[in-house]
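*Asks:* A structural model of the following input is requested.
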Amino acid sequence: MDVVQVEPMALIGNIRRFGSLGPIYQVTGIGKPDHDGYPQMSILVVESGETLDYPVSDILDDPRED
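*Replies:* The predicted model follows:
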């Protein structure tokens, strides 16, 4: 499997959807690495206003909405 290298700053401002039918979210900043040290980004879930850290690998798997 090929590993895609992405500069986290390039993800800021992306608008994506959790899977094909999930809510839309916007990447707002760099988050804290998870307990295993994997990078995460801060996101804003548009529908609920909730902010949370979300793994970069999951962001890259989610479809873009912009």
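*Asks:* tell me where the model's unsure across this structure.
*Replies:* 1-4 (pLDDT under 70).
*Asks:* could you pick out the longest helix of it?
*Replies:* For the chain, the helix that runs over the most residues, judged by DSSP state H, is helix 56-61.
*Asks:* OK, contacts around the residue nearest in space to the middle of the chain?
*Replies:* Centroid check for the chain by CA atoms, centre = their mean gives Ile59 as the closest residue, at 3.6 Å. Residues in contact with Ile59 (CB atoms under 8 Å, 6 or more residues apart in numbering) are 11, 14, 16, 27, 41, 43. Every residue, glycine included, has its C-beta placed from N, CA and C.
*Asks:* so which of these are in helices?
*Replies:* Residues of the contacts of Ile59 located in helices (DSSP H): Leu11.
*Asks:* show me the two of the contacts of Ile59 that sit farthest apart.
*Replies:* Greatest spacing in the contacts of Ile59, by CB to CB: Arg16 and Met41 (10.3 Å).
*Asks:* between these two, which contacts overlap?
*Replies:* Counting by CB under 8 Å, 6+ apart, the residues touching both Arg16 and Met41 are 27, 59.
*Asks:* in CSV, list the C-alpha atoms belonging to the longest helix of the chain.
*Replies:* This file holds the C-alpha atoms of helix 56-61, laid out as CSV (Å, rounded to 0.1, in the frame of the first residue of the first chain):
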residue,chain,number,x,y,z
VAL,A,56,-5.5,12.9,9.4
SER,A,57,-5.8,9.4,7.9
ASP,A,58,-9.6,9.6,8.3
ILE,A,59,-9.8,13.1,6.8
LEU,A,60,-8.0,11.9,3.7
ASP,A,61,-10.5,9.0,3.4
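*Asks:* buried ones in that helix?
*Replies:* 56, 59 (16 or more other CB atoms under 10 Å).
*Asks:* could you do stretch 27-34 as well?
*Replies:* Neighbour counts using 16+ other CB under 10 Å place 27, 30-31 of stretch 27-34 among the buried residues.
*Asks:* sort out for me which of the contacts of Ile59 are in strands.
*Replies:* The strands, defined by DSSP state E, take in 16, 27, 41, 43 from these.
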